[in-house]
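> A predicted structure for the sequence below; I have some questions about it.
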Amino acid sequence: MFDSLTEKLSAAFKRLRSRGALTPEDVQVALRDVRMALLEADVNFRVVKDFIARVTEKATGRDVLESLTPAQQVIKIVHDEMVELLGGQASGLALAGKPPVPVMLVGLQGSGKTTTAAKLARFLREKQGRRPYLASVDVYRPAAIEQLKTLARQVDVPCFDTDPSANPVEAARQALRAADAAACDTLLLDTAGRLHVDERLMQELRDLKAAIQPREVLLVVDAMTGQDAVTVAKAFNEGLGFDGVVMTKLDGDARGGAALSVRAVTGRPLKLVGVGEKVDALEVFHPERMASRILGMGDVLTLIEKAQQAVEAEQARELERKLRKNQFTLEDFREQLQQVRKMGPIESLLGMIPGFDRLKGQGIRVDERELVRVEAIINSMTPQERRNHAILNGSRRKRIARGSGTTVEEVNRLVKRYLEARKMMMRLSRGGMKALRRSGRLPFA
């Protein structure tokens, strides 16, 4: 989502670094570029104005301009102010209280509330060990009730069988009692939405809030709607009040201004973000990590967390054993590629590596389809060929190419990459893996 903004900010900082000693005018020129980049990313005008004013005040001070690394100092100030703009620190869900703890999800129709409810149920169960219970009080759309039931089965969480003819407030009370009877500790309530904010919707939500006293009211907004998402957040904050924002489709190709504006406009933190369509694509929002990614500094912590989630410790130990004994086969190579794909889109993962934005600026791109072709080639081999690449003679490679719909050259290229990967991983195993394992990180993080 932030690719365009990252490129523009990186270009501004590159010019700043090339200046050596800085004058106040140099800083003003760089910050003018930053301001234009933020405005083009659809960040709220007032938010940009206040942000640039704070950065200017700190960046044009004598201590900065006369320091040994003035450009780095200015970039650090921009980074720190962006972290503050995004919320300062991660804000978790406050779910203390007598179970079942009610949580209301509110927002406009089409913002992704129902899907987010299921994602949040899975998140709470898998990451926090809670026992969530799903319920929909969108009695105006029976299809939404059925959709939530279907999603509940996917994430293996109980779901209330809402009567579409019931009053929303009474349905919420019944769901709370049902969650208590099912020994669940969290009730996730999917509420009705509208195509736009109106008083009837707000009154219904206020009645629901008064009836079940939710511990958290979460506003679900669609990042793809840009500044409209900020306008909606402001209207909900004034008409209902909420505790935090869940932003969906943060993996999309919108300009990202909503994520940078919503906290400054409403004063409410961005707590969770949807980063894909799958039910496991919900993450805690970390302002510092996001600021680092926006400024092209990478996000190694999130990359490591994703790797740890994708690969079990036992698998990592088995991989190390095979490498030490020189038994890393094409089957293992395929398994590693599958685990990498589980972590998310490759371009997104590479974006977490510091400096990758500069490689993108040089025209380097990652083709996801290449991984599919690699897997197809390996799948077209016999088990014996996958275990022993040395038997892959010319006729076998022709057969594999025909079976995978590729060319012999592509098969040859795959074998070459596999051998290079094996050599590199063996070098890691001779010392680096021990250190990584001691630090709690995976050998291929």
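Alright, I've got the coordinates. Computed from a predicted model, the values in this text were never measured in an experiment. Numbering: from 1, shown residues only.
> Report the separation between the spatially most central residue of the chain and E199.
The residue lying closest to the centre of the chain (C-alpha atoms, centre = their mean) is V275, at 4.2 Å. Distance, V275 to E199, by C-beta to C-beta, to the nearest Å: 34 Å. Any C-beta I mention is one placed from the backbone N, CA and C, and that applies to glycine too.
> Helices of the stretch 51-200 of the chain, start to end?
Along the stretch 51-200 of the chain, counting by DSSP state H, counting those that start in this stretch, helices occupy 62-65, 70-85, 113-128, 142-155, 168-181, 199-212.
> Single out the most deeply packed of those.
Counting by mean count of other C-beta atoms under 10 Å, helix 113-128 has the highest mean neighbour count of the helices of the stretch 51-200 of the chain, with a mean of 22.
> so where's the stretch 201-350 of the chain shaky on pLDDT?
252-256, 296-326, 340-350 (pLDDT under 70).
> Next, the contact list for G107, please.
K113, G193, L219, V220, V221, V232, F236 (C-beta atoms under 8 Å, 6 or more residues apart in numbering).
> got CSV for those residues, with secondary structure too?
Shown next, in CSV, are the contacts of G107 (DSSP: H, G, I helix; E, B strand; the rest coil):
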residue, secondary structure
K113, helix
G193, coil
L219, strand
V220, strand
V221, strand
V232, helix
F236, helix
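> Out of the residues you listed, flag the one nearest to A96.
A96 lies nearest to L219 out of those, by C-beta to C-beta, at 20.8 Å.
> tally of neighbours for that closest one?
Counted with other C-beta atoms under 10 Å, the neighbours of L219 add up to 30.
> which residue packs closest to it, ignoring adjacent ones?
Using C-beta to C-beta, 6 or more residues apart in numbering and skipping residues adjacent in sequence, the residue nearest L219 is F242, 4.5 Å away.
> ok, the residue nearest to V103 when sequence neighbours are not counted - contacts?
Spatial nearest neighbour of V103, chain neighbours left out: E216 (4.6 Å); criterion: C-beta to C-beta, 6+ apart. Applying C-beta under 8 Å, 6+ apart to E216 gives the contacts L93, A94, L95, V103, M104, D243, G244.
> ok so, going back, in CSV: the helices of the stretch 51-200 of the chain, plus distance to I378.
Listed next are those as CSV, based on distance: least, C-beta to C-beta, whole Å:
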stretch, distance to I378
helix 62-65, 54
helix 70-85, 42
helix 113-128, 30
helix 142-155, 29
helix 168-181, 47
helix 199-212, 53
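> quick one: which of these is nearest V411?
Among the helices of the stretch 51-200 of the chain, helix 142-155 comes nearest to V411, with 37.6 Å by C-beta to C-beta.
> next one: stretch 34-47 to chain centre, how far?
Centre-to-centre, stretch 34-47 and its host chain are 22 Å apart (C-alpha atoms, centre = their mean, to the nearest Å).
> same question for that stretch, mean pLDDT?
Throughout stretch 34-47, pLDDT has a mean value of 85.
> quick one: buried residues of it?
V34, R35, A37, L38, A41, D42, V43, N44, V47 (16 or more other C-beta atoms under 10 Å).
> Without its sequence neighbours, what residue ends up closest to the first one?
Right, V34. A12 (5.6 Å).
> The one you found sits in which helix or strand?
According to DSSP states H and E, A12 maps onto helix 3-17.
> now T406
Going by DSSP H and E, T406 is not in any helix or strand.
> Kindly report the same for V273.
strand 270-274.
> Next up, phi/psi of the closest residue to L5 other than its chain neighbours, please.
Using C-beta to C-beta, 6+ apart and skipping the chain neighbours, the partner closest in space to L5 is A41 (4.2 Å). Backbone torsions of A41, given as degrees, to the nearest 10, read phi -80, psi 10.
> Could you report the distance from the residue nearest to V103 to V262?
To V262, E216 is 17 Å away according to C-beta to C-beta.
> what's the answer for T23, then?
Distance of T23 to V262, computed by C-beta to C-beta: 35 Å.
> between those two, which one's more packed in?
Neighbour tally, T23 and V262, criterion other C-beta under 10 Å: the higher count belongs to V262, 29 against 12.
> my read: the more buried one touches Q227, true?
No - taking contacts as C-beta atoms under 8 Å, V262 lies outside contact range of Q227: 10.0 Å.
> State the distance from the residue nearest to V103 to M104.
Going from E216 to M104 by C-beta to C-beta gives 7 Å.
> so which strand or helix has V217?
Secondary structure from DSSP H and E places V217 in strand 216-222.
> Identify each buried residue in stretch 126-142, please.
For stretch 126-142, burial by neighbour count (16+ other C-beta under 10 Å) applies to R130, R131, P132, Y133, L134, A135, S136, V137, D138, V139.
> which residues does the third one contact?
Contacts were defined as C-beta under 8 Å, 6+ apart; by that measure P132 touches L120, A121, L124, R125, V157, C184, D185, T186, L187, L188.
> Next, format those as a markdown table and append distance to Q338 and pLDDT.
Formatted as a markdown table, the contacts of P132 follow (distance: C-beta to C-beta, whole Å; pLDDT from 0 to 100):
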| residue | distance to Q338 | pLDDT |
| --- | --- | --- |
| L120 | 27 | 94 |
| A121 | 26 | 95 |
| L124 | 27 | 94 |
| R125 | 24 | 93 |
| V157 | 27 | 94 |
| C184 | 34 | 95 |
| D185 | 35 | 93 |
| T186 | 33 | 94 |
| L187 | 36 | 95 |
| L188 | 31 | 95 |
